[in-house]
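sharing a model prediction with you, sequence too.
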Amino acid sequence: MSRSLCPITCTLDIIGDRWTLVILRDALFRDFTTYGQFQSSPEGISTNILASRLKNLVRNGIFSKHKDDHNKLKIHYKLTEKGRSLRSVILVVGLWGNQHIDGTEDIVAKIEAAKKVG
């Protein structure tokens, strides 16, 4: 339940913490889908935080959860249409960082390089 009807507050209740934004970044720009991939992020998210954030993202319709076709113990977290629609939001956060925080990696170049690898 949201603290208010303000759309900014309601959005922040779902995606407004550091770890959720990192998970979304990795799903949107690195095509991560598995728990292990998300955990391999250089920011070093702990297992309990990762599990909690993924559960919240599934509950809020940002990700859907699917068993792997070849390994039933492996779960894939796939962005829903609602989740994919956050791409521009996360990109704008990264662009803001490029403009205002010295020494940050060029997010546009990073995304282009990831596309070439993937």
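It's in.

please enumerate the helices of this protein.
With DSSP state H as the definition, the chain shows helices at residue ranges 7-15, 18-29, 35-39, 47-59, 81-84, 87-100, 107-117.

which of those helices is buried the deepest?
For those, the stretch with the most neighbours on average is helix 18-29, a mean of 20; neighbours defined as mean count of other C-beta atoms under 10 Å. To be clear about C-beta, it is placed using only N, CA and C from the backbone, and glycine gets the same treatment.

distance from that one to the middle of the chain?
Mean-position distance between helix 18-29 and its chain equals 2 Å (C-alpha atoms, centre = their mean, to the nearest Å).

quick check: mean pLDDT of that helix?
When pLDDT is averaged over helix 18-29, the result is 96.

what does it rub up against?
Identification of contacts with helix 18-29 by C-beta atoms under 8 Å, 6 or more residues apart in numbering yields 14-15, 32-33, 37-38, 41, 43, 45, 49-50, 53-54, 56-57, 62-63, 77, 79, 83-84, 86-87, 90, 93-94, 110-111, 114.

6 Å instead, please
Here helix 18-29 makes contact (C-beta atoms under 6 Å, 6 or more residues apart in numbering) with 32, 38, 41, 43, 45, 49, 53, 79, 86-87, 90, 111, 114.

could you dump the residues you listed into CSV and include pLDDT?
Formatted as CSV, the entries for the contacts of helix 18-29 read as follows, by pLDDT from 0 to 100:
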residue, pLDDT
Phe32, 97
Phe38, 97
Ser41, 93
Glu43, 93
Ile45, 95
Ile49, 97
Arg53, 98
Leu79, 98
Leu86, 97
Arg87, 95
Ile90, 93
Ile111, 76
Ala114, 69
